[in-house]
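Peer 1: fold the stuff below for me.
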Amino acid sequence: MKTIYLLLTLLGIVLPFSQFIPWLVENGFHFPLLLQQIVENPLAVFAWLDVIVTVIVIVFMVVSEGKKLKMKKIWIPIVASFIGGASVGLPLFLYMKQCHLENKI
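Peer 2: Residues are numbered from 1 along each chain as shown. Modelled structure (predicted):
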């Protein structure tokens with residue numbers, strides 16, 4: 001499972017950023033334009049709200065599971081979730097958790 005989680009983490013980085021980086025190259029760090037484009041389309045608002053709720057859930061899960069299992073560096077998937085989104089943070093945490101569990105046995 002570790003390999004699958006690691007591959008999903010990489011996919012979670014590559015796919016979203018393959019769309020964001022060209023936008024960033026074209027528009028730069030134009031935050032007002034980014035917000036405008038998010039809110040002008042109801043489907044985009046739906047997707048962003050879904051990601052925000054999912055990231056909040058991931059943060060609570062990482063903190064809870066990480067403390068329960070006495071995992072180290074649980075801040076990494078939290079930061080990854082805020083920077084790269086749920087598609088990065090969740091599989092990264094699952095990868096780290098699997099590594100942690102395998103080292104405990």
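
Peer 1: strands of this protein, residue ranges please.
Peer 2: Ranges of strands in the chain, per DSSP state E: none exist.

Peer 1: pull the helix or strand with minimum mean pLDDT from it.
Peer 2: None of the helices or strands of the chain scores lower by mean pLDDT, DSSP states H and E than helix 31-39, at a mean of 91.

Peer 1: need the contact partners of it.
Peer 2: If you take Cβ atoms under 8 Å, 6 or more residues apart in numbering as the criterion, helix 31-39 is touched by 27, 44-45, 48. The way it works is simple: take the backbone N, C-alpha and C, and place the C-beta from them, glycine included.

Peer 1: as CSV, these with pLDDT and neighbour count would be great.
Peer 2: Shown next, in CSV, are these (pLDDT from 0 to 100; neighbours: other Cβ atoms under 10 Å):
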residue, pLDDT, neighbour count
27, 94, 12
44, 91, 12
45, 94, 12
48, 92, 15
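
Peer 1: could you point out which residue ranges in this structure have low pLDDT?
Peer 2: Within the chain, the stretches with pLDDT under 70 are 105.

Peer 1: helices of this structure, start to end?
Peer 2: For the chain, applying DSSP state H gives helices covering 2-27, 31-39, 42-68, 75-84, 86-104.
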